[in-house]
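Asker: coordinates for the following, if possible.
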Amino acid sequence: GYPVPFYGRDQLCKSTFQVLEAAGIRSRGRFGAWKYEVANQDHSFMQGVEAADACLGRNSPFAAEKTFHSPGFVNARENRSEVSFSGYNNKR
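Answerer: You can find the predicted model right below:
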């Protein structure tokens, strides 16, 4: 199953996410973020990576949590990132 998108979802969820984040909780992933457009496995994984970097205060490209905050951006482009995971490089 997937979260069902609906008009007004972002406005409705915004206050919930703010309360959770104020308590140190980052609700991410398929059901945690309530964002169908970034609910598949690779997006859910990236939300976790980005949230971990943000929580740890790392100065990395992931700490901005673009997958969670800007799903239209991450879905609108082909990933030609120079960022690597443990030596793996996505460069084509």
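Asker: contacts for the helix or strand containing K14, please.
Answerer: Assigned by DSSP states H and E, K14 belongs to helix 9-22. Residues from elsewhere that reach helix 9-22 (C-beta atoms under 8 Å, 6 or more residues apart in numbering): 26-27, 34. C-beta here means a position set from N, CA and C on the backbone, and glycine is covered the same way.
Asker: I'd like to know which of those are buried.
Answerer: Buried subset of the contacts of helix 9-22 (neighbour count, 16 or more other C-beta atoms under 10 Å): 26-27, 34.
Asker: and those residues, which is the shakiest by pLDDT?
Answerer: Least confident entry in the buried ones among the contacts of helix 9-22, by pLDDT: W34, with 88.
Asker: could you check how far it is from A52?
Answerer: According to C-beta to C-beta, to the nearest Å, W34 and A52 sit 20 Å apart.
Asker: got it, and A33?
Answerer: Distance from A33 to A52, by C-beta to C-beta: 15 Å.
Asker: out of those two, which sits in the more crowded spot?
Answerer: A33 (25 against 15; other C-beta atoms under 10 Å).
Asker: contacting residues around E37?
Answerer: Contacts of E37 by C-beta under 8 Å, 6+ apart are 5, 71-72, 75.
Asker: hang on, the earlier thing: which among the buried ones among the contacts of helix 9-22 gets closest to S60?
Answerer: Set against S60, the nearest of those by C-beta to C-beta is R26 (15.5 Å).
Asker: what secondary structure does the closest one sit in?
Answerer: Counting by DSSP: H, G, I helix; E, B strand; the rest coil, the backbone at R26 sits in coil.
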